[in-house]
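**Q** Sharing a model prediction with you, sequence too.
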Number of protein chains: 2
Amino acid sequence: MTTTVPRPGAHVCGIDAAMDVIGGKWKVLILWALAERPGLRFGALRRQVPGITEKVLAAHLRELEADGIVHRESYEEVPPRVEYSLTAAGLRLNEALAPLGAWGREHVLDGARRP
Amino acid sequence: MTTTVPRPGAHVCGIDAAMDVIGGKWKVLILWALAERPGLRFGALRRQVPGITEKVLAAHLRELEADGIVHRESYEEVPPRVEYSLTAAGLRLNEALAPLGAWGREHVLDGARRP
DNA sequence: GTGGGTGGTTACCCTGAGGTGAGCGAGCAG
DNA sequence: CTGCTCGCTCACCTCAGGGTAACCACCCAC
């Protein structure tokens, strides 16, 4: 965990770097949710991504924040309020994922295999 | 409940489907190599992707073939000759990965935080 | 005081993707 | 005969990413 595991072999091309960033099990869903509804709070984000646990959500948010994808705005209030949103890089990453999403949609709808 | 999202079309959006296809550790590198040099043989492909083992390469090739990404042409000769290339879907997937690669390249070169 | 809600943290466990190494069946160079 | 190439396959093992659950500090409503 820590701050993004120091990968031994570094990245062969930019795609590995991106894969490293979105390699987590829920990262793309978090990106999805934050792109659609910026400024989500922790609990709301958890409800937005069904099945994820607090630990994993917190860990993924920290990794995404360390990667400069997610901006974390913490208000010193009571009860504590923390809002998450995408940075410019996160928005561009989300846009870069769009063709992949289109491919997946087309591929899944067309092939429709995978029992 | 132990394993969230068993296998079936639990894909929330097309991105998960694509992530499922390219989720392996070496899949993108295999796609890369096959896109640049179509018709690679097993051994050549292994040398093209340094660090991968035969078992993992074979397993990934089978998954990619099952996903309709890779075409496997096996010639009944001695010594056995098998050539791998991308299908149309594989080529389109590779093109869909281009923006992601560009993002990763830009992100890595811009941030340059990773050792 | 008790319960609920906030946003986390800590400790432990467990599955499965991936790594390791060996072997096979055929042919050919030496 | 020996050893090498070729395209895998099998059996075993490691390790880290993720799952489970309890807990913390704080405050409000009851």
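**A** Received, thanks. On a predicted model such as this, the values are computed, not experimentally measured, just so you know. Numbering: from 1, shown residues only, chains lettered A, B, ... in the order given.
**Q** Show me where chain A has its strands.
**A** Assigned by DSSP state E, chain A shows strands spanning A:40-41, A:70-75, A:81-86.
**Q** touching DNA strand C at all, the first one?
**A** Which is strand A:40-41. Yes. On the criterion Cβ under 7 Å from any atom of the strand, strand A:40-41 is in touch with DNA strand C at A:R41. (Glycine included, C-beta is placed from N, CA and C.)
**Q** ok, and the closest non-adjacent residue to the most centrally placed residue in chain A?
**A** Geometric centre of chain A, nearest residue: A:K27, 3.2 Å, by Cα atoms, centre = their mean. Leaving out its chain neighbours, the residue that sits closest to A:K27 by Cβ to Cβ, 6 or more residues apart in numbering or on different chains is A:H60, at 5.8 Å.
**Q** Pull the contacting residues for the nearest residue to A:L93 once chain neighbours are set aside.
**A** Nearest-residue entry for A:L93: B:W103, 5.5 Å, with adjacent residues in sequence omitted and distances by Cβ to Cβ, 6+ apart. For B:W103, the contacting residues are A:G14, A:A18, A:R92, A:L93, A:A96, by Cβ atoms under 8 Å, 6 or more residues apart in numbering or on different chains.
**Q** Longest helix of chain A, counting residues only.
**A** In chain A, with assignment by DSSP state H, the single longest helix is helix A:88-111.
**Q** Next, the buried residues of it.
**A** The neighbour-count check on helix A:88-111 (16 or more other Cβ atoms under 10 Å in any protein chain shown) flags A:89-94, A:96-97, A:99-101, A:103-108 as buried.
**Q** just the residues you listed that are near DNA strand C?
**A** For DNA strand C, no contacts are drawn from the buried residues of helix A:88-111 by Cβ under 7 Å from any atom of the strand.
**Q** Tell me who's in contact with the residue lying closest to A:L86 once chain neighbours are set aside.
**A** Closest residue to A:L86 apart from its sequence neighbours, by Cβ to Cβ, 6+ apart: A:L34 at 5.1 Å. Applying Cβ under 8 Å, 6+ apart to A:L34 gives the contacts A:L40, A:L45, A:V70, A:Y84, A:S85, A:L86, A:G90.
**Q** and of the residues you listed, the nearest to DNA strand C?
**A** Lowest distance from DNA strand C to the contacts of A:L34 (Cβ to the nearest atom of the strand) belongs to A:Y84, with 7.2 Å.
**Q** Show me what the closest one is bridged to.
**A** Here A:Y84 sits in beta bridges with A:L40, A:R72, as judged by DSSP bridges.
**Q** any idea of the pLDDT on it?
**A** As summarised for this prediction, A:Y84 has a pLDDT of 95.
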